[in-house]
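> A structural model of the following input is requested.
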Amino acid sequence: MRVVFVHGACVRDGAWWWHRTAELLAQRGVASVAPGLPSCGETGSTPGHDGPGLGEDVDSVAAVLRGSDEPTVVVAHSYGGIVTAEAAAGVDAVRHLLLVSSYLPEVGESLSSFGPAEPAPFLDVDLPAGTFGVRPELLADTFLQDCPDVAGDAGSRLARQSLSVLGQPVATAAWRHVPSTYLVCAQDRGTPAAAQRGFARRAGAVVELDAGHHPFLSQPQAVADLLLGLPT
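Next comes the predicted model:
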């Protein structure tokens, strides 16, 4: 099989975020790839009011998924679950979805469907520019408290993202048609475990790990083992 990693919001250099888990998979002969998300400025476009949004992110991931007929597991993290809901729909090669602390939208739902009207305190929203991002000073304590050794490298990979992705609804929900497993991160300070467990009720199976928002960095062996054990 191969693994396609879909990263979360407000970061770039997707392959770096997954590298610890990807290296363990490679040792077992499992290839992986992490497509860039245009709304985060990864493919040359500038995020903002006129910049790329959810549709472009979906197209980027879908192109990778449709580029091979090898049995594929899609691993979606946080906002990546919104993208994957559309990108993985109708792709025969996709055999399983692993959703890590991920939003899991029904048709017609968007990121803004799952939170209060006010932005989370760890986010910085620039309305005139049409972008949002993670406040650098809150990154480590909110998202990386269980892997502080990578906080510096992670901070250099924060990105502004097009604000439009918050309100753009999904038109399909791949998890309704593809076997899925939800990984609840019980110590997540960004997406509370209670919210994750609510999303997890939509998935086919649920696994819980005593980890923060990025278990593929803090506990890569556990994530790799979970991936290798999924039915494909």
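
> what's the helix or strand for residue 63?
helix 54-65 (DSSP states H and E).

> quick one: mean pLDDT for that helix?
For helix 54-65, mean pLDDT rounds to 98.

> give the pairing partners of the following helix or strand past that helix; include direction for each.
On the C-terminal side of helix 54-65, the closest following helix or strand by DSSP H and E is strand 72-77. According to DSSP bridges, strand 72-77 forms sheet pairs with strand 2-6 (parallel), strand 94-100 (parallel).

> which residues sit against the first one?
Put plainly, it is strand 2-6. Strand 2-6 is contacted from outside by 14-15, 17-18, 22, 25, 30-35, 37, 61, 64-65, 68, 70-77, 80-81, 83-84, 87, 227, using CB atoms under 8 Å, 6 or more residues apart in numbering. Using the backbone N, CA and C atoms, a C-beta is placed for each residue, glycine as well.

> so which of the strands paired with strand 72-77 comes closest to residue 160?
Proximity to residue 160, assessed across the strands paired with strand 72-77 by CB to CB, is greatest for strand 2-6 (18.8 Å).

> run through the bridge partners of the residue nearest the centre of the chain.
When CA atoms, centre = their mean is applied to the chain, the residue found nearest the centroid is residue 77 (2.4 Å). When bridges are called by DSSP bridges, residue 77 pairs up with residue 100.

> check contacts around it.
5-8, 17, 100-102, 214, 216.

> same question, residue 106
Taking CB under 8 Å, 6+ apart, one finds 170, 173, 202 in contact with residue 106.

> I'd like those as CSV, with distance to residue 45 and secondary structure appended.
Converted to CSV, the contacts of residue 106 look like this (distance: CB to CB, whole Å; DSSP: H, G, I helix; E, B strand; the rest coil):
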residue, distance to residue 45, secondary structure
170, 21, coil
173, 26, coil
202, 31, coil
